[in-house]
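Enquirer: Got a sequence here, can you model it:
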Amino acid sequence: MSFRNSSIGLGKQSLFEEQSNKVEEVKALLGPLPDKFSRYCSDACIRRYLTARSWNVRRATKMLKGTLKWRLENKPEEIRWEDIAHEAETGKIYRSNFVDKYGRIVLVMRPRGCQSTNSTQGQIRYLVYCMENAILNLPEDQEQMVWLIDFHGFTMSNISVKVTKETANVLQDHYPERLGAMILYNPPKIFESFWMVVKPFLEAKTNKKVQFVYKVDHNSQKIMEELFDMDELETAFGGKNHTSFNYTDYAAKMMEDDKRMPLVWAGGDAAQPLPVSSLNIDIGSDSDESVKEDPDTALKR
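Expert: Predicted coordinates:
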């Protein structure tokens, strides 16, 4: 091995050790946690939060504490198909039957008057259910997913700035580094003005993952060919797969997944739900403006 290669190897090892030490620092700041949250705060999870906050231990810890508070209050892992089935009827969001070439789960979204209800809370709850389900089905060697957004039939009346802003907040604050790529497929010209309104809601890292693809643009179509097996990709996105969303079949698949969720969270055993009284989360203040809520006190039993 040459001196240069040896130096590169030592550099990578040093970086890994430094990052591992920061993971341990976050664990120390979190303090003792109930079993359910201990499983959630795995090394991989903590690394995602550190990555989202540029490996700043203090900022990452506050972000993670905010998520634990959010999960305690909203219990996303306890949402079941029967709770949100009415939101899914139109196929506005669903987990596809195919993955991309990196093995990432693909969530298909269709913002074209497909809202089943006018409830912002209901729409966000369904989005959270879809995220939890996608994470449940990720392969062991993959942490991210792809969003494939179909703009066929889209008009500005289909968009709510309030829902879009709330969506961005939930995904960026509580599902950091879960998005691998976002493909906006064939958006109309009128969408560009809305995009200028949406962009400030997105962090710089998220913006870099967004790609516009147009059906008539051969160069942008290459993005699809690089990401997907065209035989598996739906025809709506330029692929050869004629399969479309079927509510009955999808409902059956989701209900089967629902049976697995409590086992995953219980570590293979259907444990009792976590009581609210078992976790004390105090919210303080701090000069860090990048985190909306600043939980400065360690999470305790």
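
Enquirer: C-alpha from now on. contacts and neighbour counts both.
Expert: OK.

Enquirer: need the helices for this protein, in chain order.
Expert: 3-30, 35-40, 43-52, 57-74, 81-88, 120-136, 161-174, 191-198, 204-208, 218-227, 247-265 (DSSP state H).

Enquirer: got the contact list for stretch 94-110?
Expert: Residues outside stretch 94-110 that contact it (C-alpha atoms under 8 Å, 6 or more residues apart in numbering) are 88, 91-93, 130, 134, 137-139, 142-152, 226-229, 232-233, 245.

Enquirer: And that stretch, what's buried?
Expert: 94-96, 98-100, 103-110 (16 or more other C-alpha atoms under 10 Å).

Enquirer: Kindly report the same for stretch 38-58.
Expert: Here stretch 38-58 shows 41, 45-53, 55, 57-58 as buried, counting by 16+ other C-alpha under 10 Å.

Enquirer: which one of the residues you listed is nearest K240?
Expert: Nearest to K240 among those: R48, at 34.7 Å, using C-alpha to C-alpha.

Enquirer: Next one: that closest one from E192, what distance?
Expert: 31 Å (C-alpha to C-alpha, to the nearest Å).

Enquirer: any idea how this structure splits into domains?
Expert: What automatic domain parsing lists as the domains of the chain is 10-74, 86-262.

Enquirer: how about those domains in a markdown table, adding mean pLDDT?
Expert: As requested, the domains of the chain are exported to a markdown table (pLDDT from 0 to 100):
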| stretch | mean pLDDT |
| --- | --- |
| domain 10-74 | 93 |
| domain 86-262 | 91 |
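
Enquirer: Out of those, flag the one nearest R80.
Expert: That would be domain 86-262 among the domains of the chain, by C-alpha to C-alpha, at 6.2 Å.

Enquirer: Let me see the contact set for M145.
Expert: With C-alpha under 8 Å, 6+ apart, M145 has these contacts: 104-107, 134, 138, 178-181.

Enquirer: returning to that earlier point: return a PyMOL selection command for the buried portion of the contacts of stretch 94-110.
Expert: Command for PyMOL that selects the buried part of the contacts of stretch 94-110, burial taken from 16+ other C-alpha under 10 Å:
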select buried, resi 88+91+92+93+130+134+138+143+144+145+146+147+148+149+150+151+227+228+229+232+233+245
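
Enquirer: Now intersect the contacts of stretch 94-110 with the strands, please.
Expert: Among the contacts of stretch 94-110, the residues falling in strands (DSSP state E) are 93, 145-150.

Enquirer: Looking at these, spot the one nearest Y126.
Expert: I93 (8.5 Å).

Enquirer: which residues does the closest residue to the closest one other than its chain neighbours bridge with?
Expert: The shortest distance from I93 to any non-neighbouring residue, by C-alpha to C-alpha, 6 or more residues apart in numbering, is to M109 (4.5 Å). Following DSSP bridges, M109 is listed with bridge partners I93, I149.

Enquirer: For H152, see how far away M109 is.
Expert: In terms of C-alpha to C-alpha, M109 sits 11 Å off from H152.

Enquirer: go on, R58?
Expert: For R58 relative to H152 (C-alpha to C-alpha), the value is 43 Å.

Enquirer: okay, the buried residues of stretch 94-110 in a markdown table with distance to K22 next?
Expert: Formatted as a markdown table, the buried residues of stretch 94-110 follow (distance: C-alpha to C-alpha, whole Å):
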| residue | distance to K22 |
| --- | --- |
| Y94 | 36 |
| R95 | 34 |
| S96 | 36 |
| F98 | 36 |
| V99 | 32 |
| D100 | 32 |
| G103 | 29 |
| R104 | 27 |
| I105 | 29 |
| V106 | 31 |
| L107 | 32 |
| V108 | 35 |
| M109 | 36 |
| R110 | 40 |
